[in-house]
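> Structure of the sequence below:
(one chain, ligands or ions: 1)
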Amino acid sequence: MAKALEHITQPDISLYINGEFVGSEAGQTFENYNPYTNEKINAIAEGRKDDINKAVAAAREAFDHGPWRTMKLTERMAYIYRIADLIDEEVEKIAYLESLDTGLPIKQTRAMVSRASENFRFYARMVESRLIGEAYQVDEHFINYTINVPAGVAGLITPWNAPFMLETWKVAPALATGNTVVLKPAEFSPLSANLLAEVIDKAGLPKGVFNVVHGYGETAGDALVKHPDVQLISFTGETTTGSTIIKNSADTLKACSMELGGKSPILVFDDADFDRALDATVWGIFSFNGERCTANSRLFIQEGMKDRFIAALKERVANVRIGDPLDDTTEVGPLIHKEHYDKVVSYLQIAQDEGAEVLTREIPEEFKKGNFVAPTMIVNVENSMRIAQEEIFGPVLSVMTFRDEAEAIKLANDIDYGLAGYVWTNDIKRGHRVAQQIEAGMLWVNAQNVRDLRTPFGGSKASGIGREGGHYGFEFYTEKKIIHVSIADHPIQQFGKQ
Ligand code: NAD
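Have a look, this model is predicted:
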């Protein structure tokens, strides 16, 4: 049901440290805005270095002396399954808060939130079945085996584009493998992170195991990255931020997992299933308001079908429904924040300055208070233009063409990013061949972005370092230890023996 332009407020939000909801040490707050109206929703406790120190101390204590990492596996996993069940009970509320906070359409946030509880269940199952060691027998002298131990205090830093889903994507494996956690959610989307703290509090985890410090990246995030008692940083966000974090974590030698930006190609060959490729192209760029790391923001169409495809695309894009994010029929909502809106709009000007043609539409008067950018396609684009090379992170599709397979691959790879790629062709051999040659971490052939949680998630080139997902995440969230056991009297050199 549409909520029109009514003013919606929410209770103010605290930090969650050592099992308690508390204000920030210095008492500061920051304001949180509704992207649909640009009115204030609530005030958020603003954590800074002192609050991070407090949260890390709680997490450290819980790791070193608490029962979390030493309790029976079945007991720890019971907590993880309970978190999943509690999330399921709150799906409607979390989806509502997420849409209110981010402008993402409620139909999409509902789907994301269901995936969030699955993140916990999935990681509980993975730990039970796949957190395994190896054993090596060395002749008759040794048996050497590996075990996995939790790394320590995990610092998790997340973005605003799919907040709850991405937070749980990190929190679930970090906790399930026995680490304790300090989460620093994005400052633009604090509501659902607070609800996660409430859910975890209700699940009754031991004090200090899970902590949330809201605040800005340059203060709270930075203090977490530099804290000597934090063993690892799992970060999802912009490539430039990732690079800053790696530099800042160097002095304390942290392991960093980096899930960064993208500018992913979709290649549509002449022999592709036209209708399905069209559906996937439109959904892939305009779902999540185009604020999607794996969005197919660069479309390459083979010349034989370009006129027909572009004509059909124009019609579809013109009809994508923008509106109130709390309305079930809305397909594209307002962008997260005025600041981000300005960035996305600036690219429409850049496109014109570069000589491309911007196909967009007026935002209806009733939506002008919000951060709306109409679903937009840009034609007459060259791959070297900024609009084809830089991540716009909004509902903007750059359309280009190619002659043959070799040119398609060359154009797709001629970019700094390497997160995802999509290939549409009914030639099975070509599908595999092209997918294998695109420089990206994740490829789909004849499909939109459909995830299998067991598979590795992550990007190459400027899109990331490392892989999360499935058992791949265990490499990051646990330390592998090798234990060498002598099972016979193997020779030992006898230095100094007379
Ligand atoms: P961002 O880099 O601005 O912020 C992400 C987080 O980092 C926020 O919590 C922010 O407060 C924090 N941060 C900022 N500066 C920091 C610093 N110096 N030290 C520590 N923390 C700091 O990103 P964003 O605008 O919130 O998110 C959008 C970006 O995220 C896009 O580039 C998108 O592609 C990327 N993303 C990537 C993936 C992926 O899996 N590869 C998934 C979703 C989003």
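> Residues contacting stretch 336-343, please?
33, 35, 38, 102-103, 160-161, 188-189, 289, 291, 334-335, 371-373, 392-394 (C-beta atoms under 8 Å, 6 or more residues apart in numbering). From N, CA and C alone the C-beta is placed, and that goes for glycine too.
> Go again with 6 Å.
35, 102, 160, 188, 335, 371 (C-beta atoms under 6 Å, 6 or more residues apart in numbering).
> and those near the ligand, which?
Residues of those in contact with the ligand (C-beta under 6 Å from any ligand atom): residue 160.
> Pull the most distant pair out of the contacts of stretch 336-343.
For those, the maximum inter-member distance is 12.5 Å, found between 160 and 371 (C-beta to C-beta).
> Those two - which one has more neighbours?
residue 371 (27 against 20; other C-beta atoms under 10 Å).
> nearest residue to the more buried one other than its sequence neighbours?
residue 341 (3.8 Å; C-beta to C-beta, 6 or more residues apart in numbering).
> Restrict whichever helix or strand that neighbour is part of to CA atoms and write it as PDB.
Per DSSP states H and E, residue 341 falls inside helix 338-353. Only the C-alpha atoms of helix 338-353 are listed here, as PDB (Å, rounded to 0.1, in the frame of the first residue of the first chain):
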ATOM      1  CA  LYS A 338      21.000  13.200  -1.700                       C
ATOM      2  CA  GLU A 339      24.800  13.000  -1.900                       C
ATOM      3  CA  HIS A 340      24.600   9.800  -4.000                       C
ATOM      4  CA  TYR A 341      21.700  11.200  -6.100                       C
ATOM      5  CA  ASP A 342      24.000  14.100  -7.000                       C
ATOM      6  CA  LYS A 343      26.700  11.700  -8.100                       C
ATOM      7  CA  VAL A 344      24.400   9.700 -10.300                       C
ATOM      8  CA  VAL A 345      22.900  12.700 -11.900                       C
ATOM      9  CA  SER A 346      26.300  14.200 -12.600                       C
ATOM     10  CA  TYR A 347      27.000  11.200 -14.800                       C
ATOM     11  CA  LEU A 348      24.000  12.000 -17.000                       C
ATOM     12  CA  GLN A 349      25.700  15.400 -17.700                       C
ATOM     13  CA  ILE A 350      29.000  13.700 -18.200                       C
ATOM     14  CA  ALA A 351      27.400  11.400 -20.700                       C
ATOM     15  CA  GLN A 352      26.100  14.400 -22.700                       C
ATOM     16  CA  ASP A 353      29.500  16.200 -22.500                       C
END
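> Following element in sequence after that helix, please.
Next along the chain after helix 338-353, with elements defined by DSSP H and E, is strand 357-359.
> if we can go back for a sec, from the chain's centre, how far out is the helix holding residue 341? Work that out for me.
23 Å (C-alpha atoms, centre = their mean, to the nearest Å).
> now do stretch 383-401
Worked out by C-alpha atoms, centre = their mean, stretch 383-401 lies 21 Å from the chain centre.
> which non-adjacent residue is nearest the residue positioned nearest the centre of the chain?
The C-alpha lying nearest the average C-alpha coordinate of the chain belongs to residue 166 (C-alpha atoms, centre = their mean; 4.5 Å). Leaving aside its chain neighbours, residue 166 sits nearest to residue 158 (5.0 Å; criterion: C-beta to C-beta, 6+ apart).
> What separation is there between that neighbour and the ligand?
6 Å (C-beta to the nearest ligand atom, to the nearest Å).
> For that residue, give me its contacts.
166, 167, 185, 186, 236.
> The same query, at a cut-off of 10 Å, please.
By C-beta atoms under 10 Å, 6 or more residues apart in numbering, residue 158 lies in contact with 164-171, 183-186, 189, 193, 221, 234-237, 259.
> go on, residue 288?
102-105, 108-109, 112, 161-162, 294-295, 332-333, 393, 395.
> Please narrow those residues to those residing in helices.
102, 108, 109, 112 (DSSP state H).
> Name the member of those residues with the shortest distance to residue 14.
Nearest to residue 14 among the ones in helices among the contacts of residue 288, with distances taken as C-beta to C-beta, is residue 102, at 20.5 Å.
> The closest one is in contact with residue 193, isn't it?
No. Using C-beta atoms under 10 Å, residue 102 is not in contact with residue 193; the gap is 11.7 Å.
> So which of these two has more stuff around it?
The residue with more neighbours, out of residue 102 and residue 193, is residue 102; 31 against 26, by other C-beta under 10 Å.
> Assign residue 31 to one of the three secondary structure states.
Judged by DSSP: H, G, I helix; E, B strand; the rest coil, the three-state class of residue 31 is strand.
> Begin at 214, not 1, for the rest of this chat.
Okay, residue one is now 214; in that scheme the one you just asked about reads as residue 244.
> And the pLDDT for it?
In this prediction, residue 244 carries a pLDDT score of 98.
> For it, list the residues it contacts.
Residue 244 neighbours (C-beta under 10 Å, 6+ apart): 253, 254, 255, 256, 257, 259.
> which of the contacts of residue 371 are close to the ligand?
Answer for the contacts of residue 371 near the ligand (C-beta under 6 Å from any ligand atom): 379, 397, 399, 434, 449, 450, 472.
> Surely the third one touches residue 425?
Same thing as residue 399. No. Residue 399 lies out of contact with residue 425 (C-beta under 10 Å); the separation is 11.9 Å.
> who touches both of those two?
In contact with both residue 399 and residue 425: 380, 406, using C-beta under 10 Å, 6+ apart.
> neighbour count winner among the two?
residue 425 (28 against 24).
> Flag every residue of the chain that's near the ligand.
Counting by C-beta under 6 Å from any ligand atom, the residues of the chain that sit close to the ligand are 370-374, 379, 397, 399-400, 429-431, 434-435, 438, 449-451, 454, 457-458, 472-475, 506, 604, 606, 632, 672, 676-677.
> Please narrow these to those residing in helices.
379, 435, 438, 454, 457, 458.
> hang on, the last one packs against residue 443?
This points to residue 458. No. With contact defined as C-beta under 10 Å, residue 458 does not count as touching residue 443 (11.7 Å).
> Now do the shared contacts for residue 315 and residue 406.
376, 377, 399.
> And the buried ones among the residues of the chain next to the ligand, selectable in PyMOL?
For the buried members of the residues of the chain next to the ligand, the matching PyMOL selection, counting by 16 or more other C-beta atoms under 10 Å, is:
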select buried, resi 370+371+372+373+374+379+397+399+400+430+434+435+438+449+450+451+454+457+458+472+473+474+475+506+604+606+632+672+676+677
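> In strands only, show me the residues of the chain next to the ligand.
370, 397, 449, 472, 677 (DSSP state E).
> what's the closest of the residues you listed to the ligand?
Nearest to the ligand among those: residue 472, at 3.3 Å, using C-beta to the nearest ligand atom.
> Excluding chain neighbours, what is closest to that closest one?
In space, residue 472 is closest to residue 449, 4.1 Å off (C-beta to C-beta, 6+ apart).
> what's the spacing between the one you found and residue 428?
17 Å (C-beta to C-beta, to the nearest Å).
> Please apply the same query to residue 509.
From residue 509 to residue 428 the distance is 33 Å (C-beta to C-beta).
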